[in-house]
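Visitor: Got a sequence here, can you build the structure:
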Amino acid sequence: GKPILTVNVQFDKLTSYSIIQKITLSDEFLTSDGERSIYFRPFNIYENWARLLWGYKGTLNHNYDKLDFEKITGSKYVHLVIVGFSRMGRALLLEALRQCHYPNFNEIGESDRLKNKSRITVIDRMMDDMLPDFLAQYPYLDQIKDINIEYLNANVQDSDIRSMLSSQTKDPDALLTIAICLEDSDFSLSTGLCLPDDVFYSIQEGKAVPTNTRVLIRQSMIHEGIGRLLDADNAKYSNVHIFGMTNKGLCKELMSDDFAMYVNAYYTTCY
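Guide: Okay, the predicted model is just below:
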């Protein structure tokens, strides 16, 4: 038969991407002379990046750690903080919700069961306006019981938010990742680098020691040079990495349909 042509189509909005995945295309769009000639594969670059950040296992070289960058033992737990409820922020949230169901979540006793419960905090100063539509589009989220999701209508520079981030960084049980997902690249960069100093380092015996907190800052392709400087920084910003560049979110490996199988195999082995 004729070779099948793979047609990858980018859907920029997550809602449109979700809808097209539920539609079965008629054969008249996919066949020629009675034979299947097209393999239609929709994709979303924000979801691609979420998959890369939260556990992609393939041939790509990158500096991104999984959300469970340490083995979850005792009372350790994952805490993801997403700043900016943009399309990127929503994609990171949805992908994290697929992956943060860890087997050691403690189900015994109401007081104990919260110890290992994964946490996701989403911060946006326009959250009250955006949240109703988001929850209407994804009504199943209220069925997730082993992950605590908190939506905050706030600015990440508010004093109470900064105090929360400092407190979480100092919590020895928290595996904290902060993802800055603001639309404007310059504002995203300045916001990420102006987080409390506690997020980046602590002073031990008179020396600055990097913290365990991971900080991810969304940037566009044109800011990759700045990102390389940050990635090479071994001082204050040694735990900071940029992400979101268009040229790294469209590769063949990320768009493979085998990805889910890799993730499942990894967690089966790990846990």
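
Visitor: mind listing what Leu67 touches?
Guide: Contacts for Leu67 were tallied using C-beta atoms under 8 Å, 6 or more residues apart in numbering; they are 54-55, 78, 80, 96, 99-100, 118, 175, 177. (Each C-beta comes from the backbone N, C-alpha and C, glycine too.)

Visitor: out of the residues you listed, which is most surrounded?
Guide: Counting neighbours by other C-beta atoms under 10 Å, Thr177 comes out on top of those with 27 neighbours.

Visitor: Now do the contacts for the closest residue to that one other than its chain neighbours.
Guide: With C-beta to C-beta, 6 or more residues apart in numbering as the measure, Arg214 is the residue that lies nearest to Thr177, at 4.3 Å, once sequence neighbours are left out. Arg214 sits next to 65, 69, 176-178, 239, 241 when contact means C-beta under 8 Å, 6+ apart.

Visitor: Got the phi and psi for Arg214?
Guide: Reported as degrees, to the nearest 10, the phi and psi values for Arg214 are phi -100, psi 130.

Visitor: For the contacts of Arg214, work out which two are farthest apart.
Guide: Leu176 and His241 (14.4 Å; C-beta to C-beta).

Visitor: More neighbours: the two, which one.
Guide: When Leu176 and His241 are compared for neighbours, Leu176 comes out ahead with 23 against 20, by other C-beta under 10 Å.

Visitor: ok, now how distant is the more buried one from Tyr140?
Guide: The span separating Leu176 from Tyr140 equals 26 Å under the rule C-beta to C-beta, to the nearest Å.

Visitor: before we move on, what about Ala91?
Guide: Relative to Tyr140, and taking C-beta to C-beta, Ala91 is found at 16 Å.

Visitor: Between those two, which has more neighbouring residues?
Guide: Ala91 (23 against 7).

Visitor: how about the nearest residue to the more buried one, chain neighbours excluded?
Guide: Excluding its sequence neighbours, the residue lying closest to Ala91 (C-beta to C-beta, 6+ apart) is Tyr46, at 3.6 Å.

Visitor: Ala50 too?
Guide: Glu95 (3.5 Å).

Visitor: Just want the phi and psi numbers for the residue nearest to Ala91.
Guide: The phi and psi values for Tyr46, taken as degrees, to the nearest 10, are phi -70, psi -40.

Visitor: Make sure it is actually in contact with Met88.
Guide: Yes - checked against C-beta atoms under 8 Å, the pair Tyr46 and Met88 is within contact range at 4.9 Å.

Visitor: Might one say that Ile72 is in contact with Lys115?
Guide: No - between Ile72 and Lys115 no contact is recorded; they are 10.3 Å apart, counting by C-beta under 8 Å.

Visitor: So between those two, which is more surrounded?
Guide: Each of Ile72 and Lys115 has its neighbours counted (other C-beta under 10 Å); Ile72 has more, 19 against 15.

Visitor: Next, the more buried one: phi, psi?
Guide: Dihedral angles for Ile72 - degrees, to the nearest 10 - are phi -80, psi 100.

Visitor: for Ile147, same thing?
Guide: phi -130, psi 130.

Visitor: tally of neighbours for it?
Guide: Here the count is done by other C-beta under 10 Å, and Ile147 has 19 residues near it.

Visitor: Excluding sequence neighbours, find me the nearest residue to it.
Guide: Ser118 (4.6 Å).

Visitor: So for Phe187, what's the pLDDT?
Guide: Turning to Phe187, the model gives it a pLDDT of 91.

Visitor: Doesn't it lie inside a helix?
Guide: Yes - for Phe187, which was evaluated using DSSP: H, G, I helix; E, B strand; the rest coil, the result is membership in a helix.

Visitor: and it, what does it touch?
Guide: Here Phe187 is in contact with no residues (criterion: C-beta under 8 Å, 6+ apart).

Visitor: elements contacting the helix or strand Thr121 falls within?
Guide: Using DSSP states H and E, Thr121 sits within strand 118-124. Under the contact criterion of 3 or more C-beta pairs under 8 Å, 6 or more residues apart in numbering; DSSP states H and E, strand 118-124 touches strand 77-83, helix 87-99, strand 147-153.

Visitor: All set, thanks.
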